[in-house]
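Colleague: Sequence plus the predicted model coming up.
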Amino acid sequence: MKYIVFIFLLFFTKILSFLGSNMLLTVMHYLTLLVSITSFIIFISRYRWSHVTFYIFMFAIITPIYASIQSHRIFDQPFYMGFASLRYFIFIMFGYFLIINNYDYRLLLKQINNINLCVALFSIIAILILHIDPSTLFSYQVNNNVLGVGSENVGDSEGVGGVNVRGARFFACSTLMFISLIYYQLASLRKGGKDNYIRLFILIIYILFVHKGRQPVAVMGVVYIVYFLKMKGVSTKRLLMVVAPILLFIIFLAIDENLLFRFTTILDGEKSDDFSTLARIWEVNQILPYIQDNLLLGVGNLSAHFRNGGFQAFLGSNFYLADIGIIGALARGGLILIIIYLGLYVSLWNKTRFINDRNCRQFMRYMILSYVVLLICLCNDVMFADNCIQFALLFYPLYSQKNNNKYISPLKYNKLSKFIYV
């Protein structure tokens with residue numbers, strides 16, 4: 001089973017897209033949908049519904065139905081096209097496939113971390129050491145746009161006004177990278193150990209100088225602050241947690257003198273020099289009138305195949321709901337979708353108290369916190385498009401009504417176990 005799950009992980013991280021086969025991607029996409037729906041049906045026929053399962057059903061099935069009705073009513077998009085454009089919501093049900101196969105949570109995280117570390121190392125070597133142009137690497141990636149929900153920019157991004165202060169960036173196969181970032185951050189803070197520090201350092205170098213994502217760095221900062229504030233008393237470790245980030249910041253600033261500007265310019269709002277900040281402000285202004293007129297149910301989602309562009313055909317070529325976080329969620333599903341999100345987050349958090357393993361419980365809670373911060377503060381809805389697969393991979397032990405711990409194997413204690421986090 002672990003090899004089957006590994007193949008799915010290669011698909012979720014889009015590594016398979018570099019094999020050059022449109023057919024393979026299409027088969028994997030619909031296979032994931034089939035496996036997810038079938039597993040959900042098997043699960044609910046065997047076990048009782050939990051609060052988590054109820055909100056997952058509302059998110060994956062009910063939301064696409066009413067959202068498709070809304071997009072038909074407002075934009076005259078055919079119902080089937082609207083529903084098809086939201087079928088990726090069903091990916092969240094992949095967790096039931098892992099549950100009915102009693103898949104080990106520690107093994108899954110190990111597989112995800114190994115993939116992410118390989119992606120990070122390859123990207124660092126290719127971009128920073130060999131100086132390969134990102135567009136060259138992206139040219140080998142196949143994209144059959146099977147979802148029809150938008151497109152990815154490659155190399156130097158284009159935006160609404162402003163300039164690209166980040167320059168060329170390479171972010172292929174980084175869909176699950178955020179999981180490993182928080183994992184090794186918590187592992188380094190809680191357990192320490194040379195291996196954890198080295199892996200976290202590799203991921204930070206990748207994020208700062210290759211991927212150049214600002215949102216992951218901001219969330220890592222939030223996690224760091226929360227962890228620091230929860231510590232009690234004055235200790236050497238707490239003192240080092242104050243000094244170490246300052247030293248690292250000085251070192252990284254010496255490597256890239258524009259690093260600080262990348263983050264501070266987004267605080268300038270409409271006066272920002274950054275294209276993505278200006279684009280988000282413009283996108284919010286474009287969609288707000290529609291939200292105000294359809295606050296309860298939203299406007300649904302427009303397929304990229306509808307009128308050759310979907311939302312881009314109505315609101316401009318640079319408009320993407322994925323860019324505007326909770327505002328985009330309001331647009332897709334209105335207040336009903338926000339309530340579903342709230343119910344899902346709260347029910348997940350409540351279920352974590354049944355996880356016996358302290359490290360797993362801490363990791364899950366910090367991941368929930370991270371996703372809430374991303375949604376509300378950093379314009380990133382991780383439930384958008386097929387990214388909601390992260391929820392299935394991270395929280396599937398919480399999907400079941402009982403026996404949440406049977407999916408988390410106990411640690412095999414040895415001389416290195418003190419450095420093992422999850």
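Modeller: That came in fine, so what should we check first?

Colleague: going forward, measure contacts and count neighbours with C-alpha atoms only.
Modeller: Fine.

Colleague: Next one: Leu348 from Asn22, what distance?
Modeller: 36 Å (CA to CA, to the nearest Å).

Colleague: who's more crowded, these two?
Modeller: Set side by side, Leu348 and Asn22 show more neighbours around Leu348, with 22 against 15, by other CA atoms under 10 Å.

Colleague: Could I get the buried residue list for stretch 114-134?
Modeller: Neighbour counts over stretch 114-134 (16 or more other CA atoms under 10 Å) mark Ile115, Asn116, Leu117, Val119, Ala120, Ser123, Ile124, Ala126, Ile127, Pro134 as buried.

Colleague: so the third one is in which element?
Modeller: When elements are defined using DSSP states H and E, Leu117 is found to belong to helix 105-123.

Colleague: hey, C-alpha coordinates of that helix in PDB?
Modeller: Provided in PDB are the C-alpha atoms of helix 105-123 (Å, rounded to 0.1, in the frame of the first residue of the first chain):
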ATOM      1  CA  TYR A 105       0.300   8.600   9.800                       C
ATOM      2  CA  ARG A 106       4.000   8.600  10.600                       C
ATOM      3  CA  LEU A 107       4.900   6.800   7.400                       C
ATOM      4  CA  LEU A 108       2.800   9.200   5.400                       C
ATOM      5  CA  LEU A 109       4.600  12.200   6.900                       C
ATOM      6  CA  LYS A 110       7.900  10.600   6.300                       C
ATOM      7  CA  GLN A 111       7.100  10.100   2.600                       C
ATOM      8  CA  ILE A 112       5.900  13.700   2.200                       C
ATOM      9  CA  ASN A 113       9.000  15.000   3.900                       C
ATOM     10  CA  ASN A 114      11.300  12.900   1.800                       C
ATOM     11  CA  ILE A 115       9.700  14.100  -1.400                       C
ATOM     12  CA  ASN A 116       9.800  17.700  -0.300                       C
ATOM     13  CA  LEU A 117      13.400  17.500   0.700                       C
ATOM     14  CA  CYS A 118      14.300  16.000  -2.700                       C
ATOM     15  CA  VAL A 119      12.400  18.700  -4.500                       C
ATOM     16  CA  ALA A 120      14.100  21.400  -2.400                       C
ATOM     17  CA  LEU A 121      17.600  20.000  -2.900                       C
ATOM     18  CA  PHE A 122      17.100  19.600  -6.700                       C
ATOM     19  CA  SER A 123      15.700  23.100  -7.000                       C
END
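
Colleague: Output the contacting helices and strands for it.
Modeller: When contacts are defined as 3 or more CA pairs under 8 Å, 6 or more residues apart in numbering; DSSP states H and E, helix 105-123 sits against helix 177-190, helix 194-206.

Colleague: Please identify the deepest-packed of those helices.
Modeller: Per residue and on average, the most neighbours among the helices and strands packed on helix 105-123 fall to helix 177-190, with a mean of 21 (mean count of other CA atoms under 10 Å).

Colleague: Can you list the neighbours in contact with it?
Modeller: Contact with helix 177-190 is made by 112-113, 116, 196-197, 199-200, 203-204, 216, 220, 363, 366-367, 419-421, as judged by CA atoms under 8 Å, 6 or more residues apart in numbering.

Colleague: hmm, 7 Å instead?
Modeller: The contact list for helix 177-190 (CA atoms under 7 Å, 6 or more residues apart in numbering) reads Asn113, Asn116, Asn196, Tyr197, Arg199, Leu200, Leu203, Pro216, Met220, Phe363, Tyr421.

Colleague: Could you dump those residues into JSON lines with distance to Val242 and pLDDT added?
Modeller: Shown next, in JSON lines, are those (distance: CA to CA, whole Å; pLDDT from 0 to 100):
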{"residue": "Asn113", "distance to Val242": "27", "pLDDT": "97"}
{"residue": "Asn116", "distance to Val242": "28", "pLDDT": "97"}
{"residue": "Asn196", "distance to Val242": "19", "pLDDT": "93"}
{"residue": "Tyr197", "distance to Val242": "17", "pLDDT": "93"}
{"residue": "Arg199", "distance to Val242": "21", "pLDDT": "96"}
{"residue": "Leu200", "distance to Val242": "18", "pLDDT": "96"}
{"residue": "Leu203", "distance to Val242": "21", "pLDDT": "97"}
{"residue": "Pro216", "distance to Val242": "20", "pLDDT": "93"}
{"residue": "Met220", "distance to Val242": "15", "pLDDT": "94"}
{"residue": "Phe363", "distance to Val242": "22", "pLDDT": "96"}
{"residue": "Tyr421", "distance to Val242": "22", "pLDDT": "84"}
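
Colleague: and those as CSV, adding distance to Gly167?
Modeller: Converted to CSV, the contacts of helix 177-190 look like this (distance: CA to CA, whole Å):
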residue, distance to Gly167
Asn113, 27
Asn116, 23
Asn196, 30
Tyr197, 28
Arg199, 25
Leu200, 24
Leu203, 19
Pro216, 18
Met220, 22
Phe363, 33
Tyr421, 35
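
Colleague: from those residues, which single one is nearest Tyr3?
Modeller: Asn113 (15.3 Å; CA to CA).
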